[in-house]
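> model the following, please.
(chains A and B)
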2 protein chains.
Amino acid sequence: MSLDSAQLETFAAVVREGSFDAAARVLNVTPSAVSQRIKALEQAAGQVLVRRSKPCQATEAGEPLLRLAGQIALLEREALATARGGRGGDWTRAAIVVNADSLATWFMPALAAVPAELRLLFDIYTDDQEHTAELLRSGAVMAAVTAQNVPVQGCRSQRLGAMRYRAVAAPAMFGTWFADGVTPAALADAPMVVLNRKDRLQHRFLRTLTRRDLDPPIHYVPSVTAFDEAIRLGLGWGMVPDLVADADLAEDRYRELVPGGLLNVPLYWQHWRLESAVLTALTTAVQAAAATALR
Amino acid sequence: MSLDSAQLETFAAVVREGSFDAAARVLNVTPSAVSQRIKALEQAAGQVLVRRSKPCQATEAGEPLLRLAGQIALLEREALATARGGRGGDWTRAAIVVNADSLATWFMPALAAVPAELRLLFDIYTDDQEHTAELLRSGAVMAAVTAQNVPVQGCRSQRLGAMRYRAVAAPAMFGTWFADGVTPAALADAPMVVLNRKDRLQHRFLRTLTRRDLDPPIHYVPSVTAFDEAIRLGLGWGMVPDLVADADLAEDRYRELVPGGLLNVPLYWQHWRLESAVLTALTTAVQAAAATALR
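Below you'll find the predicted structure:
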């Protein structure tokens, strides 16, 4: 059996853009053409591939085909670019998932260092570092910055170094809640700032420090900029990467809960096992930036 | 019919925390107790209220009860705090949805200005300003910063002012793509940076400027910090709030595509129609901060 590459491309566009209409728009075809191609692909595969939800998603059976669609698109573009002697040609989409703290600190300069003649369009997704591998597994992205070391099936995993976090609070917040020391009792009462419900860093720090599962009051602030700001404004304490915290500590906007105490989060670069100029260039740029920013 | 308030609280916790297990953890009960309470509430309502997905969500029938649960919790806390003469007492959860650019700029200082004796725990959600009203409608949050003026049912809407956006690019990127002017042809070819697939600001700017629906290449960068960085690094042009852009323009890190050209996005504060000290204090703080930051 051979699958139709226009149908695969349409399937990938539906999942990526979230609806049949949006896929039709980016592919410059009618919505009914999109619908026919998806039906034909589902018949060829003998499986329902698209969950017709808002947004549309790949079913479990659809995930291997989603990855296949991405890999074929990448290989096709690269073969055409080589055939043309590297002159001009279309943009190539590079879908990557990155944990929030890497994205806000060292990752964009890495992407900007990829040679412009590759004409990459970056399609970045973000999630907690303990969850970024899921998008790689689902076939939606070609590479991930992730805390997961074990390679996802069909992927290669390389260590990038560790992101180092410090537990910090504003001096006034520290004075209010930790005047009698950073004790388990004070840590159980003091409010902490957490990015979202997947972010377990603050809880890990508490367990490391106190060997207990404490349940303090939590402010959820799902934006790295606003998270840092919430701590500076004294709403609570939280774990901040040393890349960001060190400047604030030097200027007394932050105070460390445990001076010199660090929580290390090793990060890995996982990507499709595929002979590809794009993946090679991305890997080189990401490793070089990580070597400077991470430990 | 009268609904059980412990069951309503459990229902809200399941939707908020995303699973029966997580709800059990925050409520300090067993998962089977959570399961029993949800079943009892669904029997009382005669409707399925929780979609057992990952994460768990309120069904359409569940949404009015989700809002009711939040309103009862808020009123209970406030009545108890008054009964105790305002001394001590528990934290009160304040769930609010805020558009990404507000959250990264003027919103956290507004929250920090809310009197500390109200003991609010902020549970912030973020989405595109055209979509923030959906979470308010679903009952998941008590207030929203939104581009939608028409009040959501049961809510009050107040104008906060306009967020003003400038179309900017790094000087080198400008030189490469707009050397012969910011023409429709150049705008159709030049890559632009977009936050995510809900973000239509760049497309709106293009339509206002050229009166055409252009389809340029897009980098998706779903983090406000990384979005600004992508533009500074020359990956593409994009719409940046003047609160952020003006400093970069003054130091020649950004260049305007249309000098002095602004896109205004009026923002509104919508919140439950409810006599509540918490909502009154939040509204006062948000309006004061918006009066300074917005136009």
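
> can you list the domain ranges for chain A.
Domain segmentation of chain A under automatic domain parsing yields A:1-85, A:163-265.

> quick one, which of those domains gets closest to chain B.
Of all the domains of chain A, domain A:163-265 sits nearest to chain B, with 3.8 Å by Cβ to the nearest Cβ. (Glycine included, C-beta is placed from N, CA and C.)

> between the two ends of the closest one, how far is it?
End-to-end distance for domain A:163-265, by Cα to Cα, to the nearest Å: 5 Å.

> ok, and does it reach over to chain B?
Yes: applying Cβ under 8 Å from any Cβ of the partner chain, one finds domain A:163-265 touching chain B at A:191, A:197, A:215, A:217-226, A:229-230, A:233-235.

> okay, now the unreliable bits of the stretch 101-250 of chain A?
For the stretch 101-250 of chain A, applying pLDDT under 70 flags no range at all.

> tell me where it has helices.
A:107-112, A:132-137, A:171-177, A:184-189, A:201-210, A:224-232, A:242-250 (DSSP state H, counting those that start in this stretch).

> and the fourth one, what's buried?
The neighbour-count criterion (16 or more other Cβ atoms under 10 Å in any protein chain shown) identifies residue A:187 as the buried residues of helix A:184-189.

> for that helix, packing partners?
helix A:201-210 (3 or more Cβ pairs under 8 Å, 6 or more residues apart in numbering or on different chains; DSSP states H and E).

> for the helix it packs on, packing partners?
Using 3+ Cβ pairs under 8 Å, 6+ apart: helix A:201-210 touches strand A:155-169, helix A:184-189, strand A:192-194, strand A:238-241, strand A:263-272.

> winner for burial among the domains of chain A?
domain A:163-265 (a mean of 18; mean count of other Cβ atoms under 10 Å in any protein chain shown).

> what strand or helix carries residue A:95?
In this assignment (DSSP states H and E), residue A:95 forms part of strand A:92-99.

> who does that strand pair up with?
strand A:120-127 (parallel), strand A:143-146 (parallel) (DSSP bridges).

> make a markdown table out of the helices of the stretch 101-250 of chain A and add distance to residue A:21.
Shown next, in a markdown table, are these (distance: least, Cβ to Cβ, whole Å):
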| stretch | distance to residue A:21 |
| --- | --- |
| helix A:107-112 | 30 |
| helix A:132-137 | 23 |
| helix A:171-177 | 48 |
| helix A:184-189 | 50 |
| helix A:201-210 | 39 |
| helix A:224-232 | 32 |
| helix A:242-250 | 40 |
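
> quick one: which of these is nearest residue B:22?
Evaluated over the helices of the stretch 101-250 of chain A, closeness to residue B:22 peaks at helix A:201-210, with 12.4 Å, by Cβ to Cβ.

> and the angle for the closest one with strand A:263-272?
140 degrees (axes from the mean of the first three to the mean of the last three Cα atoms, to 10 degrees).

> end-to-end on stretch A:100-111?
Per Cα to Cα, stretch A:100-111 runs 15 Å from first to last residue.

> what residues sit buried inside that stretch?
Neighbour counts over stretch A:100-111 (16+ other Cβ under 10 Å) mark A:100, A:101, A:102, A:103, A:104, A:105, A:106, A:107, A:108, A:109, A:110, A:111 as buried.

> list just the nearest of the residues you listed to residue A:13.
In terms of Cβ to Cβ, no member of the buried residues of stretch A:100-111 lies closer to residue A:13 than residue A:111, at 22.6 Å.

> what sits against that closest one?
The contact partners of residue A:111, taken as Cβ atoms under 8 Å, 6 or more residues apart in numbering or on different chains, are A:120, A:122, A:282, A:285, B:230, B:233, B:235.

> which residues touch the residue of the stretch 51-200 of chain A found nearest chain B?
Residue nearest to chain B within the stretch 51-200 of chain A (Cβ to the nearest Cβ): residue A:112, separated by 3.8 Å. Residue A:112 makes contact with B:230, B:233, B:234, B:235 under the criterion Cβ under 8 Å, 6+ apart.

> give me the nearest residue to residue A:27, chain neighbours excluded.
For residue A:27, ignoring the flanking residues on the chain, the nearest one in space by Cβ to Cβ, 6 or more residues apart in numbering or on different chains is residue A:13 at 5.6 Å.

> what sits against the nearest residue to residue A:225 once chain neighbours are set aside?
Closest residue to residue A:225 apart from its sequence neighbours, by Cβ to Cβ, 6+ apart: residue B:104 at 4.2 Å. By Cβ under 8 Å, 6+ apart, residue B:104 lies in contact with A:223, A:225, A:226, B:224, B:225, B:244.

> what's the closest of those to residue A:179?
Residue A:179 lies nearest to residue A:226 out of the contacts of residue B:104, by Cβ to Cβ, at 27.1 Å.

> so that closest one is in contact with residue B:109, correct?
No: judged on Cβ atoms under 8 Å, residue A:226 makes no contact with residue B:109 at a distance of 10.2 Å.

> next up, phi/psi of the residue located most distally from the centre of chain A, please.
The C-alpha centroid of chain A is most remote from residue A:180, which lies 39.1 Å away (Cα atoms, centre = their mean). Dihedral pair for residue A:180: phi -100, psi 20, per degrees, to the nearest 10.

> spit out the contact partners of it.
Applying Cβ under 8 Å, 6+ apart, we find residue A:180 in contact with residue A:186.

> now it: how far from residue A:150?
Remark: distance between residue A:180 and residue A:150 (Cβ to Cβ, to the nearest Å) = 43 Å.

> and the residue nearest the centre of chain A, what are its bridge partners?
By Cα atoms, centre = their mean, chain A has its centre lying nearest to residue A:98, at 2.3 Å. Beta-bridge partners recorded for residue A:98 (DSSP bridges): residue A:126.

> so residue A:79 is in which element?
If you go by DSSP H and E, residue A:79 is part of helix A:63-83.

> put the alpha carbons of that helix into PDB.
The C-alpha trace of helix A:63-83 is given here as PDB (Å, rounded to 0.1, in the frame of the first residue of the first chain):
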ATOM      1  CA  GLU A  63       0.000   9.700  15.300                       C
ATOM      2  CA  PRO A  64       2.400   7.500  13.300                       C
ATOM      3  CA  LEU A  65       1.000   9.000  10.100                       C
ATOM      4  CA  LEU A  66       1.400  12.500  11.500                       C
ATOM      5  CA  ARG A  67       5.000  11.900  12.000                       C
ATOM      6  CA  LEU A  68       5.400  10.200   8.600                       C
ATOM      7  CA  ALA A  69       3.700  13.300   7.000                       C
ATOM      8  CA  GLY A  70       6.300  15.600   8.700                       C
ATOM      9  CA  GLN A  71       9.200  13.400   7.700                       C
ATOM     10  CA  ILE A  72       8.200  13.100   4.100                       C
ATOM     11  CA  ALA A  73       7.600  16.900   3.900                       C
ATOM     12  CA  LEU A  74      11.100  17.500   5.300                       C
ATOM     13  CA  LEU A  75      12.800  15.000   3.000                       C
ATOM     14  CA  GLU A  76      11.000  16.300  -0.100                       C
ATOM     15  CA  ARG A  77      11.900  19.900   0.600                       C
ATOM     16  CA  GLU A  78      15.600  19.000   1.200                       C
ATOM     17  CA  ALA A  79      15.700  16.800  -2.000                       C
ATOM     18  CA  LEU A  80      14.200  19.700  -4.000                       C
ATOM     19  CA  ALA A  81      16.600  22.200  -2.500                       C
ATOM     20  CA  THR A  82      19.600  20.000  -3.400                       C
ATOM     21  CA  ALA A  83      18.200  19.400  -6.900                       C
END
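
> other SSEs contacting that helix?
Partner elements for helix A:63-83 (3+ Cβ pairs under 8 Å, 6+ apart): helix A:5-17, strand A:92-99, strand A:263-272, helix A:277-293.

> with distance to residue A:128 added, can I get those in JSON lines?
Listed next are the helices and strands packed on helix A:63-83 as JSON lines, based on distance: least, Cβ to Cβ, whole Å:
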{"stretch": "helix A:5-17", "distance to residue A:128": "21"}
{"stretch": "strand A:92-99", "distance to residue A:128": "6"}
{"stretch": "strand A:263-272", "distance to residue A:128": "11"}
{"stretch": "helix A:277-293", "distance to residue A:128": "18"}
